[in-house]
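K.L.:
Below is the sequence, then the predicted model.
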Amino acid sequence: MGDSTALEGGPAERLLLTGEVAAIYGVDPKTVTRWAKAGKLACIRTPGGQHRRYPQPEAPLPGQDGPLLTAGEVAAMFRVDPKTVGRWARQERLPCIRTLGGHRRFRETDVRALIDGSLTLRDEE
């Protein structure tokens, strides 16, 4: 069965298997299935309805432009509590990305720029 292609007709676009999507996001395949059931991730059902296939992401995935850090990792770099990092993100002082599961991740390049002084935390308004 090799490559999965579009099941609805139209251009033959490569569709991803659940395991492939899980590898991209670094999660368990069951998590991908939960996201699809919750509507957080688009999927197409096979004609038998038993299998899910996922379209290729159109935008670059978070982390493809560099590693992503957790709040705890950022906190260790700044020597502050992880709650402080979360507060900075909530106040939009520190840019973050939300995972499909709702967790915050921070681009390592942004954090390093803050540490080096080439970027500053946005002031509270």
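P.N.:
Received, thanks. Numbering: from 1, shown residues only.

K.L.:
Can I get the worst-scoring helix or strand of the chain on mean pLDDT as CSV, trimmed to CA atoms?
P.N.:
Least confident helix or strand, the chain: helix 18-25 with a mean of 82, by mean pLDDT, DSSP states H and E. Presented in CSV, the C-alpha positions along helix 18-25 are these (Å, rounded to 0.1, in the frame of the first residue of the first chain):
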residue,chain,number,x,y,z
THR,A,18,-0.7,8.6,12.3
GLY,A,19,2.8,7.3,13.3
GLU,A,20,4.4,9.8,10.9
VAL,A,21,2.5,12.7,12.4
ALA,A,22,3.4,11.5,15.9
ALA,A,23,7.1,11.5,14.9
ILE,A,24,6.9,15.1,13.5
TYR,A,25,5.3,16.4,16.7
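
K.L.:
ok, residues contacting that helix?
P.N.:
Residues from elsewhere that reach helix 18-25 (C-beta atoms under 8 Å, 6 or more residues apart in numbering): 16, 28-29, 31-33, 41, 52, 54, 57, 61, 99-100. Heads up, the C-betas are built off the backbone N, CA and C, glycines and all.

K.L.:
next one: phi and psi at the residue nearest the centre of the chain?
P.N.:
In the chain, the residue lying closest to the centroid (C-alpha atoms, centre = their mean) is Thr99, at 4.2 Å. With angles defined as degrees, to the nearest 10, Thr99 sits at phi -80, psi 170.

K.L.:
Report whether the expected contact of it with Arg105 is present.
P.N.:
Yes - with contact defined as C-beta atoms under 8 Å, Thr99 reaches Arg105; the gap is 6.0 Å.

K.L.:
how about the least confident helix or strand of the chain: buried residues?
P.N.:
In terms of neighbour count (16 or more other C-beta atoms under 10 Å), helix 18-25 has its buried residues at Thr18, Glu20, Val21, Ala22, Ile24, Tyr25.
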